[in-house]
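Visitor: Take this sequence and fold it.
(chains A and B)
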Protein chains: 2
Amino acid sequence: MYPTFNHITVVGAGAVGSFYGAMLARAGHRVTLIGRPAHVQAIERNGLKLDFATSSLTEIIRLEASTDLSALRTADLVLFCVKSTDSAAVALQIASYLAPHALIMSLQNGVENASLIARHLPNAVIPSVVYVATEIPAPGSVKHNGRGELVIGTMQDSRLSDPQNTLKAIVALFESAQVPVQISHNVMAELWSKLMINCAFNAISGLAQTQYEKLAALASVRSTQAALVREVIAVAYADGIHLSEPVALQAVAQIYVTMGSQKSSTAQDMARSKPSEIDHLNGFIVRRGQELGVATPVNQALFALVKLVESTYSPHG
Amino acid sequence: MYPTFNHITVVGAGAVGSFYGAMLARAGHRVTLIGRPAHVQAIERNGLKLDFATSSLTEIIRLEASTDLSALRTADLVLFCVKSTDSAAVALQIASYLAPHALIMSLQNGVENASLIARHLPNAVIPSVVYVATEIPAPGSVKHNGRGELVIGTMQDSRLSDPQNTLKAIVALFESAQVPVQISHNVMAELWSKLMINCAFNAISGLAQTQYEKLAALASVRSTQAALVREVIAVAYADGIHLSEPVALQAVAQIYVTMGSQKSSTAQDMARSKPSEIDHLNGFIVRRGQELGVATPVNQALFALVKLVESTYSPHG
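Guide: Here you go, the predicted structure:
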């Protein structure tokens, strides 16, 4: 039996959550965004402005928005979109609101989130890899800069009575909203691959405040990215995940071209003196490497530099 | 026979050259500074303002200043103080002006300068290690922030007829100007030690735009500095120079305390969007490591990041 998703709730309606929520609402699904007061108030006042940069199309999407977690009570599907730093705390916060059948999709960076959420909640969690470039230019507004596809799969202990039909129902739901979703038999390897790309790009783009195409121009930067990739592959391998180095280096080279004008989310956070997700990118590789006895000096150097910059932010900033 | 230094000329009168030139002139020696037009004009107009930050004392030093290399014709001693990047070019430029007996002291960072200068000039070159914190707050002005001592020695092929007496004459000259000079039997190891400290601090302080005491607060930064130090020691060892790791790590720890409020020269260059000396710091370690078959991934990462930042500077400054 396919599950039905009559009410979809987005927890952590930032750029990613607001985009997918908007796409689903636009296709006629009932969606509630749970987010920060300024964003929620702007949506309540004027609807959510959805701006497609690639086609210069702008739409106003009417959907529910709230700062209150009680909107989770009727949710069949939860898009879990908070920063990795907040996963555990938010999972604990939403526990008392969730119906037992509510399915959670983790639309987050990093390889730990799905299991972290599952540790704090009895619900089934679907690890998802998100490939989208979006931003919140102003409260009540979300801008889509490119891509949008998801890759989903099941955790080792999926808690799903019928995993294949559940995954197919998710595919159907998102495809009704023109969001391509691929089912992977090894979604953890996909998440590791994305983490590896983030480790190769995010801190460098952040520290130098440069777009990706600038990185391609310097042999020393390319060598450093290759060193980062090799360290991530070594840690993944020790963690039971096999990633191919040639495939990885090709993926890095592709980013120079397909996302040349982009800066990383870490760069955006650093430009605003906001704490980044570095603890869950290069910082995770260092930590996991230490646990597994794998040396990660280059990831450590980038992690250290971003933390050092963050240590200079004013506490009232 | 001791050489006499009747005319001392400073080539590259930046912060370091102007400070030592001023100290010698202040003690009654004839000194000519060769430097940039704005600095030279300000000195010709008002003398050189020498500001001792530690004692809040300010003096006006009268000395010769010129943008013209012909002041080198009568020089017995040349303080060679240009950036490492310019060593070869400036050595070639001054060749036709120098008297054969003129002695050159390289007061520069990096381990290659003395031999680089000697490759382009027939004169004897004295490698010198400079421990001073100075800056040029404005043209015509030099500010002394701390220390000032020099360590000198001879190159393997010193070209000196009487090396010991020549070194002693330099010590006597500078001591007459209250500048302590130590003679080292292994000045190259001293230069490598200083290079190692610069590799551990300069790029990190520059990329994060932080003073040294901030680095001490983060374990990940301290680990990265230890990794940088170990790579430099491995390259030095392959190059025939033995440096001790415990001594090196102690030197790093001391900088946190003795120079806690300082930023690196690389940080100052980056703050002004000026090219730094990184090619001759971490960049040199990477290059020399490649030549000698020693891996230097962490030095490479820092080198790459500084080069990436520098690649974003506007060509018009």
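
Visitor: just checking, what's the longest helix in chain A?
Guide: helix A:187-208 (DSSP state H).

Visitor: what's next to the helix or strand that comes right after that helix, contact-wise?
Guide: Helices and strands here follow DSSP states H and E; after helix A:187-208, the next one along the chain is helix A:212-216. Residues from elsewhere that reach helix A:212-216 (C-beta atoms under 8 Å, 6 or more residues apart in numbering or on different chains): A:201, A:204-205, A:208, A:221-222, A:225, A:253, A:255-256, A:259-264, B:308, B:311-312. For the C-beta atoms, the positions are set from N, CA and C on the backbone; glycine is no exception.

Visitor: what comes up buried for helix A:212-216?
Guide: By neighbour count on 16 or more other C-beta atoms under 10 Å in any protein chain shown, the buried set for helix A:212-216 is A:212, A:214-216.

Visitor: ok, then the element right after it?
Guide: From helix A:212-216, the next helix or strand downstream (DSSP H and E) is helix A:219-238.

Visitor: so what secondary structure elements neighbour that next one?
Guide: Contact partners of helix A:219-238 among helices and strands, from 3 or more C-beta pairs under 8 Å, 6 or more residues apart in numbering or on different chains; DSSP states H and E: helix A:187-208, helix A:212-216, helix A:245-258, helix A:282-292, helix A:297-310, helix B:297-310.

Visitor: so residue A:293 makes contact with residue A:237?
Guide: No. If you go by C-beta atoms under 8 Å, residue A:293 and residue A:237 don't touch, sitting 11.9 Å apart.

Visitor: ok, and what's touching stretch A:51-60?
Guide: A:26, A:46-50, A:137, A:141-146.

Visitor: Just give me how far that stretch sits from the chain centre.
Guide: Between the centre of stretch A:51-60 and the centre of its chain there are 22 Å (C-alpha atoms, centre = their mean, to the nearest Å).

Visitor: circling back to that earlier point, now the helices and strands packed on helix A:219-238 in a markdown table, with distance to residue A:93?
Guide: Formatted as a markdown table, the helices and strands packed on helix A:219-238 follow (distance: least, C-beta to C-beta, whole Å):
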| stretch | distance to residue A:93 |
| --- | --- |
| helix A:187-208 | 24 |
| helix A:212-216 | 35 |
| helix A:245-258 | 35 |
| helix A:282-292 | 23 |
| helix A:297-310 | 25 |
| helix B:297-310 | 38 |
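
Visitor: what sits against the residue of the stretch 151-300 of chain A found nearest chain B?
Guide: With C-beta to the nearest C-beta, the shortest gap between the stretch 151-300 of chain A and chain B falls at residue A:220, namely 3.8 Å. Residues in contact with residue A:220 (C-beta under 8 Å, 6+ apart) are B:283, B:286, B:300, B:303-304, B:307.

Visitor: excluding its backbone neighbours, what's nearest it?
Guide: Excluding the flanking residues, the one nearest residue A:220 by C-beta to C-beta, 6 or more residues apart in numbering or on different chains is residue B:304, at 3.8 Å.

Visitor: With residue A:270 instead?
Guide: Using C-beta to C-beta, 6+ apart, the closest residue to residue A:270 is residue A:206 (4.5 Å).

Visitor: From residue B:262, how far out is the one you found?
Guide: 25 Å (C-beta to C-beta, to the nearest Å).

Visitor: ditto for residue A:122
Guide: According to C-beta to C-beta, residue A:122 stands 55 Å off from residue B:262.

Visitor: now do residue A:304
Guide: 19 Å.

Visitor: Between the two, tell me which one has more neighbours.
Guide: residue A:304 (28 against 18; other C-beta atoms under 10 Å in any protein chain shown).

Visitor: quick one, what contacts the more buried one?
Guide: With C-beta under 8 Å, 6+ apart, residue A:304 has these contacts: B:204, B:218, B:220-221, B:223-224.

Visitor: how about a cut-off of 10 Å?
Guide: When contacts are counted by C-beta atoms under 10 Å, 6 or more residues apart in numbering or on different chains, residue A:304 touches A:203, A:278, A:282-283, A:286, B:204, B:208, B:215, B:218-225, B:227, B:298.

Visitor: Check residue A:301 too.
Guide: A:203, A:224, A:227-228, A:282, A:286, B:203-204, B:220-221, B:223-225, B:227-228, B:297-302, B:305.

Visitor: Ignoring the adjacent residues along the chain, who's closest to the spatially most central residue of chain A?
Guide: The residue lying closest to the centre of chain A (C-alpha atoms, centre = their mean) is residue A:108, at 2.8 Å. Of all residues not flanking residue A:108 in the chain, residue A:84 sits nearest, at 5.7 Å (C-beta to C-beta, 6+ apart).
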